[in-house]
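Peer 1: please find the sequence and the predicted model below.
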Amino acid sequence: MMFGRIAFMELKTGWKGLLIFGLLVLVISAGIPLIFPTYRDSLIEELEGASKVHLELPVQQGGMITLSWEPVDTATGYMVLEDNRSSMVTPKLKYMGNETSISFEKDFEEKRYYAVMAVSDETSEPFLIGITATEKDEDPFQELLKNPAYAGFTGGRNISMLEVKGFVALEYYGWSWILTGLFIAYLSVSLIASDFENKRMDVMFSAPISRRRYLLEKFTAMSFIALFIVLIQIAGLISGLASINALNEFSANAVLLSLIGSLPFLMVIAAVGIATAVLFQKVRTGMGITFAFVFAEFFLYTFGGFSKSLEWMKTISIFKYWDYFSVIIDDLFKGGDFLILIVLAIALVITAIRVFQKKDIPT
Amino acid sequence: MSKPKQGSVRERGDTISQEKVIEIKNLTKMYGNHVGVKDLNLSVYRGEIMGFLGPNGAGKTTTIRSCLALIAKTAGEITIFGLDSHRDSVAIRKKTGYLPGDFGLIPSVKVRFYLKYLLSLSGCDSTKKMVSLAERLQLDLDRKTNELSKGNKLKVGIVQSLMAGEDLIILDEPSGLDPLMQQEYYRILHEEKKRGKTIFMSSHNLAEVESVCDRVAIIRNGQLVVVEDIRVLQEKTGKVLEVEFRDTVNIDEFKFEGVGGIRQDNGRLVLTIHENLDSVIKAVSNHQILNMNLKTYSLEQLFLKYYAGGETDERGGA
């Protein structure tokens, strides 16, 4: 009768799958930081490309801009593209010819970007010599992050990909929810819906177990599984950071706090999975809906970052309440957000219990 | 609607008490517009084996699963051990064993582990009973649950339902073992009954009901058709005699006790004999016989008649 037997049974029968998934998470968590040094070097090389292109601005309005670049041996000609966005997705052709320097009148106010490309007979595609801008206060990557399409990933913060913090935050934390969140979504739905589908409910409820206890035990099992995954992530990430000697930049403490912050996030997903499993009693339906929930929440968060008028979208996304940037960049653990998600998870489980108590168990 | 016959229960006072273990009052269960069970009244007394018969889809499983609160009632009341079936379901299930009509096992664990897990959920320590039941039914406790044949899976369900039910055992169509095992199973059920347990079992198998049950309830289209002591039903069975005489006979000659349904047409006499077969045959032999036919009217035919609805009106209708 002791509470925990059903939860224990889930862990006991599912440990093999959990172990395999845990190993996968460990490899990914430890592997991502290992990529950082190579990534940083190639980024620096790319940024230095900017120094191959020189821009001379006029002293006064209406003067001439001079753009020059280092010649490329194999080039048969050069191309200059102009855009007011760093992403260069709406470029205009400014120049095409054999010169390595052009001058033109500055008849605009806003910031403009110039990409200089070499055209060669040997390679059919023109290749980039460098990008420069009329205002040089930021590196082009930071400019890119200001693009609304990317701002959603950073919570509007200044992130430098030249630092291990920025790289891990964007490339690991920014995507890890697909791995962990969807695994939790799948597991929480199937933990209950498979009992329906495999006709185990009748035997389960011939024992003196209330439906409330059954769901609470399943939720407890899911919480332990979520904790297990988070601990694996923490262990993996810390060992990865340690092996590139980056723990002085990105402390073990920050790894711990930022990932513990994902625990209530995963518990909410588990609670949604449990609620949909109880409602629909089918693994496929429940999983479809829970996956859709996770993606919808993600899109709400990213769209919420597009503009001020859409910011309300963020507040109804669970992604807002797992603010790892706050821990990693600002050194601030948001206890309030942590509690909001825990309260939400509990409320969802209580709702699921209420629904389950009224539902027939199908034969 | 037939009420359970109190009289017949009292007559069998040797083993059956008048304490109601299950009392179903006006149970109705609708599935949308479809009727699962309608206005069903049924009582099961302490220490009896009550058989629950009916065609597929008649409402047997619906009734049983309502008792265990696996499904909600649309209307009516079910009391088990004097407790409300839905409000006090956990307390009821503490003393009840249940074999579902269809069930799945937790895969990839040993049968012993699986059954011990269920025992731990019940909070009772009857490992010894589990082992002895498994031995008697020749169930290997060290097999993995996903390697079991259909029959062995049923054995797991049977052990599970018998090991935990302290007072009441509810079985939803427990047949499907080989004949030898089935006999052993019936012996176990009788022993459990002698220990004072109440058994409520649904079945398709008429022979099973006849050999195991004290009373039988027949359900058709969600409504109870009859509740009767199995011995009373057996008395309703008999032999149908058809005799063709050379001459017309006076039918009064054949009016013995235990002989009914006497009629004569075109020199052919038809009668149903429950008792006094000897007297009837002797009376028949006083005349010159052209042709004679004696048919047995079995319990099975009686049940089939109930299934088809033939006896409903005779018994007061539904």
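Peer 2: Now that the structure is in, tell me what you want to look at. Numbers count the residues shown, from 1 in each chain, chains lettered A, B, ... in the order given.

Peer 1: name all residues that make contact with the closest residue to chain B within the stretch 51-200 of chain A.
Peer 2: When scored by CB to the nearest CB, the stretch 51-200 of chain A has A:Asn198 as its residue closest to chain B, at 3.8 Å. (Glycine included, C-beta is placed from N, CA and C.) Each residue near A:Asn198 by CB atoms under 8 Å, 6 or more residues apart in numbering or on different chains is listed here: B:Gly104.

Peer 1: kindly report the same for B:Leu133.
Peer 2: B:Leu139, B:Ile158, B:Val159, B:Leu162, B:Met163, B:Ile188.

Peer 1: reformat those residues as JSON lines; add distance to B:Leu304 and neighbour count.
Peer 2: Shown next, in JSON lines, are the contacts of B:Leu133 (distance: CB to CB, whole Å; neighbours: other CB atoms under 10 Å in any protein chain shown):
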{"residue": "B:Leu139", "distance to B:Leu304": "34", "neighbour count": "24"}
{"residue": "B:Ile158", "distance to B:Leu304": "28", "neighbour count": "25"}
{"residue": "B:Val159", "distance to B:Leu304": "33", "neighbour count": "26"}
{"residue": "B:Leu162", "distance to B:Leu304": "31", "neighbour count": "24"}
{"residue": "B:Met163", "distance to B:Leu304": "36", "neighbour count": "23"}
{"residue": "B:Ile188", "distance to B:Leu304": "29", "neighbour count": "17"}
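
Peer 1: in JSON lines: the residues you listed, plus pLDDT and secondary structure.
Peer 2: Shown next, in JSON lines, are the contacts of B:Leu133 (pLDDT from 0 to 100; DSSP: H, G, I helix; E, B strand; the rest coil):
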{"residue": "B:Leu139", "pLDDT": "96", "secondary structure": "coil"}
{"residue": "B:Ile158", "pLDDT": "96", "secondary structure": "helix"}
{"residue": "B:Val159", "pLDDT": "96", "secondary structure": "helix"}
{"residue": "B:Leu162", "pLDDT": "95", "secondary structure": "helix"}
{"residue": "B:Met163", "pLDDT": "94", "secondary structure": "helix"}
{"residue": "B:Ile188", "pLDDT": "96", "secondary structure": "helix"}
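
Peer 1: which parts of chain B are strands?
Peer 2: Listed in chain order, the strands of chain B (DSSP state E) span B:20-31, B:34-45, B:49-53, B:75-80, B:83-84, B:96-99, B:168-172, B:198-203, B:215-220, B:223-229, B:238-245, B:259-265, B:268-273, B:289-297.

Peer 1: for chain A, same thing?
Peer 2: Counting by DSSP E, the strands of chain A are A:53-56, A:64-69, A:75-83, A:92-97, A:101-105, A:113-120, A:127-133.

Peer 1: and the closest residue to A:Gly166 other than its chain neighbours, its phi and psi?
Peer 2: Distances taken as CB to CB, 6 or more residues apart in numbering or on different chains place A:Ile159 nearest to A:Gly166, at 4.1 Å, with adjacent residues excluded. Note on A:Ile159: backbone dihedrals following degrees, to the nearest 10 are phi -120, psi 130.

Peer 1: A:Ile159: neighbour count?
Peer 2: By other CB atoms under 10 Å in any protein chain shown, the residues close to A:Ile159 number 23.

Peer 1: gap between the closest residue to B:Gly238 other than its chain neighbours and chain A?
Peer 2: Once flanking residues are discounted, B:Gly238 sits nearest to B:His274: 4.1 Å by CB to CB, 6+ apart. According to CB to the nearest CB, to the nearest Å, B:His274 stands 41 Å off from chain A.

Peer 1: with B:Thr96 instead?
Peer 2: Taking CB to the nearest CB, one finds B:Thr96 at 7 Å from chain A.

Peer 1: what residues are up against that residue?
Peer 2: Residues in contact with B:Thr96 (CB under 8 Å, 6+ apart) are A:Ser206, B:Leu68, B:Ile80, B:Ala164, B:Gly165, B:Glu166, B:Asp167, B:Leu168, B:Ile169, B:Ile170.

Peer 1: just the buried residues of the residues you listed.
Peer 2: When those are checked for burial by 16 or more other CB atoms under 10 Å in any protein chain shown, the buried set is A:Ser206, B:Leu68, B:Ile80, B:Ala164, B:Gly165, B:Glu166, B:Asp167, B:Leu168, B:Ile169, B:Ile170.

Peer 1: near chain A, which residues of chain B are found?
Peer 2: For chain B, the residues in contact with chain A (CB under 8 Å from any CB of the partner chain) are B:61, B:65, B:68-72, B:89-91, B:93-94, B:96-98, B:100-109, B:117-118, B:120-123, B:157, B:160-161, B:164.

Peer 1: buried among these? Make that a ChimeraX selection.
Peer 2: With 16+ other CB under 10 Å as the criterion, this ChimeraX line picks the buried residues out of the residues of chain B next to chain A:
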select /B:61,65,68,69,70,71,89,90,93,94,96,97,98,100,101,103,104,105,106,109,117,118,120,121,122,157,160,161,164
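
Peer 1: mind listing what whichever residue of the stretch 201-318 of chain B sits closest to chain A touches?
Peer 2: Using CB to the nearest CB, the closest approach of the stretch 201-318 of chain B to chain A is made by B:Ser202 at 12.9 Å. By CB under 8 Å, 6+ apart, the contact set of B:Ser202 is B:Gly51, B:Phe52, B:Leu53, B:Gly54, B:Lys60, B:Thr61, B:Ile64, B:Gly101, B:Leu171, B:Asp172, B:Glu173.

Peer 1: now the fourth one: closest residue in space that isn't a chain neighbour?
Peer 2: Taking CB to CB, 6+ apart as the measure, B:Gly54 lies nearest to B:Ile219, with 3.9 Å between them; neighbours along the chain are not counted.

Peer 1: for the second one, same thing?
Peer 2: Nearest in space to B:Phe52, with sequence neighbours left out and distances taken as CB to CB, 6+ apart, is B:Ser202 at 4.1 Å.

Peer 1: equivalent analysis for the first one, please.
Peer 2: Counting by CB to CB, 6+ apart, B:Cys213 is the residue found nearest to B:Gly51 once chain neighbours are left out, at 3.5 Å.

Peer 1: let me see the contact set for the one you found.
Peer 2: So B:Cys213 contacts B:Ile49, B:Met50, B:Gly51, B:Met201, B:Ile230 (CB under 8 Å, 6+ apart).

Peer 1: please repeat the previous calculation with a cut-off of 10 Å.
Peer 2: B:48-53, B:189, B:199-201, B:203, B:229-230 (CB atoms under 10 Å, 6 or more residues apart in numbering or on different chains).

Peer 1: now these as JSON lines including pLDDT and neighbour count?
Peer 2: Formatted as JSON lines, these follow (pLDDT from 0 to 100; neighbours: other CB atoms under 10 Å in any protein chain shown):
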{"residue": "B:Glu48", "pLDDT": "94", "neighbour count": "23"}
{"residue": "B:Ile49", "pLDDT": "96", "neighbour count": "26"}
{"residue": "B:Met50", "pLDDT": "96", "neighbour count": "26"}
{"residue": "B:Gly51", "pLDDT": "95", "neighbour count": "24"}
{"residue": "B:Phe52", "pLDDT": "95", "neighbour count": "29"}
{"residue": "B:Leu53", "pLDDT": "91", "neighbour count": "25"}
{"residue": "B:Leu189", "pLDDT": "95", "neighbour count": "21"}
{"residue": "B:Ile199", "pLDDT": "97", "neighbour count": "26"}
{"residue": "B:Phe200", "pLDDT": "97", "neighbour count": "26"}
{"residue": "B:Met201", "pLDDT": "96", "neighbour count": "24"}
{"residue": "B:Ser203", "pLDDT": "90", "neighbour count": "21"}
{"residue": "B:Asp229", "pLDDT": "91", "neighbour count": "21"}
{"residue": "B:Ile230", "pLDDT": "87", "neighbour count": "21"}
